[in-house]
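Undergrad: make a model of this:
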Amino acid sequence: MAKENKVRIYNRLFFKLYLNYAVMLLVTAVLIGLIFMKLYEDTTMRNHKEQLEEQAERFSAKATEYIITRQYDDFLEDTNILYEMTDLDIWTIPNPTASKPMDESMITNTYKEMIDTGYVDIINRAFSKSNDLSKLSKIGDDEIYGVPMITVARPVYGENLEIVGAVLLKLMVEGQKKVVADSMTLIVFSSVVALAISFVIVIVFATELSLPISRMRVTALELASGDYNSKTGIKRNDEIGDLAKTVDILSEKLLENDIQRKNLDQMRLDFFANVSHELRTPITVMRAYTETLVDGVVKEEDKLVQYYDRMLSECKTMERLVGDLLLLSKMQNPDFAIEKEPVNLVQVFDDIIRSAGTIAEKKKINIKVTKESPAYMILGDYDRLRQMFMVILDNAIKFSDENKTVHINLSKTDKIKVSIRDEGIGIDESEISNIFEKFYKSNLRQNAGGSGLGLAIAKQIAQKHGSNIEVSSAPGEGTEFSFIFSAYEMDF
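TA: A predicted model of the protein is given here:
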């Protein structure tokens, strides 16, 4: 068990939770960083480009105005002011194909100087009156300065709207790299701090998960060892709480089953003890009589006949006991089903009254039957019903004094009710709950010859017919057994 508890760190719940959480956090941080940097770079470049395009438009318009008005000195002055106030690199290039290119005093670079640079294409597009302004701008590393630059070109017009040159505005954006790098550093720092915070969060979260799971594991091991009183003691309104409740329910069920098993074991032991006790007496008597006969002690004919009669009586007693046990075992089997057919309870009682009449006459007991109809039909097994009612009627006669009456009443509403009431000695209230137990016999002399199985068999027969036996009794006033059956309506 000790070896089973030594779980490697990478197999522990905390490590798996933290690893998954950390990977998810890092992936999220990297994606957010990449997206942020891309969006920041694109947005910054676009804003700078738009601003540079506006400045190029204004500068181009101003240059056009100065060319038409021939205010060349003012143009140079404005150019210097703009250069000093901004980080712009301002180039003016004349159009070599124009009939009257811009004045030399306005030129900073010649077209020939541009031929071997990467700006010749954008300058040519400016000279060609291109309507696509997006082709008049360029973003990329500058060949001259070797740093990222935004370059925007605009044509400069002279008289008759002839393109006499172009202005080229260049803005260095090398500082954006530093901003991006600083942002990345901030994201990395934030990720480290988030990982540290998540470590604490995962500890708390994993503890909330692992502790109840460990408790349920201990409870499960205790249940496996036979301690069915063990409970998790976990009260939570989530899935873990539901699982803990299930484990506690399992504990209760196991405890109930264990109690039932012990009761069944005890009942089995009591059963064998009772059977042994019931069989011991007739077997002892049989052995005594047999040994006497074998030894030749008895010679008289009448004595021999008496011994044989007693031996036959004991054999019949054992046969009846074994038969009752087999019948009771069969009736208690849940898979055992009786064969039912329409049965008239009036006929059943006519039959058992004829059989019990001799016993009743000996004790001068009157059997009175009260019925309102010649037929009370139910679905059942005739022989089993006869056996059940015979047990009740036999007991009623057995426990009644002479010159008493046994009342049998049959009535029908939506159900059929049968009651058998005697005027006998009655049953004490403390004994009523035990009379249907196997081998239960009171200490009354009337029970001396019984096996204690009759009422147990009667109860099983009643249950197989969808009924039960209700008992009401008072000492000295008699006992009444009642049955309720579903009526069977015959179709004619």
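Undergrad: ramachandran coordinates for the nearest residue to Glu339 once chain neighbours are set aside?
TA: Distances taken as CB to CB, 6 or more residues apart in numbering place Asp381 nearest to Glu339, at 6.1 Å, with adjacent residues excluded. Just so you know, the C-beta spots here come from the backbone N, C-alpha and C atoms, and that holds for glycine as well. With angles defined as degrees, to the nearest 10, Asp381 sits at phi -100, psi 120.
Undergrad: count of residues packed around Asp381?
TA: 17 (other CB atoms under 10 Å).
Undergrad: next one: Leu17
TA: 18.
Undergrad: where do the strands sit along the stretch 51-200 of the chain?
TA: 88-94, 137-141, 148-157, 163-172 (DSSP state E, counting those that start in this stretch).
Undergrad: the last one relative to strand 88-94, how many degrees between them?
TA: Okay, so that is strand 163-172. For strand 163-172 against strand 88-94, the angle by axes from the mean of the first three to the mean of the last three CA atoms, to 10 degrees is 160 degrees.
Undergrad: list the buried ones in strand 163-172?
TA: Ile163, Val164, Gly165, Ala166, Val167, Leu168, Leu169, Lys170, Leu171 (16 or more other CB atoms under 10 Å).
Undergrad: state the pair within those that is farthest apart.
TA: Maximum pairwise distance in those, criterion CB to CB, is 24.4 Å, between Val164 and Leu171.
Undergrad: what's the span of stretch 157-169, first residue to last?
TA: Stretch 157-169 has its terminal residues 17 Å apart, counting by CA to CA, to the nearest Å.
Undergrad: the chain should start at 39 in everything you say after this.
TA: OK, 39 is where the count begins now, so the last one is stretch 195-207.
Undergrad: give me the residues contacting that stretch.
TA: Residues from elsewhere that reach stretch 195-207 (CB atoms under 8 Å, 6 or more residues apart in numbering): 90, 93-94, 97-98, 101-102, 105-106, 126-133, 136-140, 144-145, 147, 157, 160-161, 164-165, 167, 189-194.
Undergrad: now the buried members of the residues you listed.
TA: 90, 93-94, 97-98, 101-102, 105, 126-133, 136, 139-140, 144, 157, 160-161, 164-165, 189-194.
Undergrad: least confident secondary structure element in this protein?
TA: Ranking every helix and strand in the chain by mean pLDDT, DSSP states H and E puts helix 40-43 at the bottom, with a mean of 46.
Undergrad: I'd like the distance between Ala219 and Ile495.
TA: Ala219 sits 96 Å away from Ile495, going by CB to CB, to the nearest Å.
Undergrad: more neighbours: which of the two?
TA: In this view Ala219 and Ile495 are compared by other CB under 10 Å, and Ile495 has more residues nearby, 23 against 11.
Undergrad: isn't that one up against Ser367?
TA: No: under the criterion of CB atoms under 8 Å, Ile495 makes no contact with Ser367, lying 10.3 Å away.
Undergrad: ok so, going back, tabulate the strands of the stretch 89-238 of the chain (TSV), appending mean pLDDT.
TA: TSV is the format used below for those (pLDDT from 0 to 100):
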stretch	mean pLDDT
strand 126-132	83
strand 175-179	75
strand 186-195	85
strand 201-210	85
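Undergrad: quick check: Leu307 vs Lys300, distance?
TA: For Leu307 relative to Lys300 (CB to CB), the value is 10 Å.
Undergrad: do the same with Leu206
TA: Leu206 is 102 Å from Lys300, by CB to CB.
Undergrad: equivalent analysis for Asp154, please.
TA: Distance from Asp154 to Lys300, by CB to CB: 105 Å.
Undergrad: cool, Gly462 as well?
TA: For Gly462, the distance to Lys300 - CB to CB - is 37 Å.
Undergrad: these two: who's more crowded?
TA: More neighbours surround Gly462 than the other of Gly462 and Lys300, with 22 against 10 (other CB under 10 Å).
Undergrad: ok, now which ones touch the more buried one?
TA: Gly462 is in contact with Ala434, Phe437, Ser438, Asp439, Lys442, Gly516, Thr517, counting by CB under 8 Å, 6+ apart.
Undergrad: mind running it again at 6 Å?
TA: Shown in contact with Gly462 (CB atoms under 6 Å, 6 or more residues apart in numbering): Phe437, Ser438, Gly516.
Undergrad: same check on Ile499?
TA: Arg422, Met426.
Undergrad: list the buried residues of whichever helix or strand it is part of.
TA: If you go by DSSP states H and E, Ile499 is part of helix 492-502. If you call a residue buried by 16+ other CB under 10 Å, then helix 492-502 has these buried ones: Gly492, Leu493, Ala494, Ile495, Ala496, Lys497, Gln498, Ile499, Ala500, Lys502.
Undergrad: next: stretch 66-80.
TA: So stretch 66-80, judged by 16+ other CB under 10 Å, has buried residues Ala67, Gly71, Met75, Glu79.
Undergrad: and if you look at stretch 394-411?
TA: Buried residues in stretch 394-411 (16+ other CB under 10 Å): Ala394, Ala398, Ile403, Ile405, Lys409.
Undergrad: pretty sure the first one sits against Asn433.
TA: I take that to be Ala394. No: applying CB atoms under 6 Å, one finds Ala394 not in contact with Asn433, separated by 10.7 Å.
Undergrad: residue ranges with poor pLDDT in the stretch 389-530 of the chain?
TA: Low-confidence segments of the stretch 389-530 of the chain, defined by pLDDT under 70: 477-490, 528-530.
Undergrad: quick one: Leu259 from Phe387, how far?
TA: Applying CB to CB to Leu259 and Phe387 gives a distance of 61 Å.
Undergrad: between the two, which has more neighbouring residues?
TA: The neighbour comparison of Leu259 against Phe387 (other CB under 10 Å) goes to Phe387, with 23 against 13.
Undergrad: helix, strand, or coil at that one?
TA: Following DSSP: H, G, I helix; E, B strand; the rest coil, the label given to Phe387 is helix.
Undergrad: pLDDT score assigned to it?
TA: pLDDT for Phe387: 91.
Undergrad: Arg253: how many residues sit nearby?
TA: Arg253: 16 surrounding residues under other CB under 10 Å.
Undergrad: contact partners for the nearest residue to it once chain neighbours are set aside?
TA: Nearest non-adjacent residue to Arg253, counting by CB to CB, 6+ apart: Thr270, 5.4 Å away. Applying CB under 6 Å, 6+ apart to Thr270 gives the contacts Arg253, Met254, Thr257, Ala282, Val285, Asp286.
Undergrad: how many residues are close by the fifth one?
TA: Using other CB under 10 Å, the number of residues around Val285 comes to 20.
Undergrad: domain assignment for the chain?
TA: 53-216, 282-370, 379-524 (automatic domain parsing).
Undergrad: in contact with Ser289, which residues?
TA: Counted by CB under 6 Å, 6+ apart, Ser289 has contacts Leu261, Tyr266, Lys269.
Undergrad: make it 8 Å
TA: The neighbourhood of Ser289, defined by CB under 8 Å, 6+ apart, consists of Thr257, Leu261, Tyr266, Asn267, Ser268, Lys269.
Undergrad: show me just the buried residues among those.
TA: Among the contacts of Ser289, those scoring as buried are Thr257, Leu261, Tyr266, Ser268 (criterion: 16+ other CB under 10 Å).
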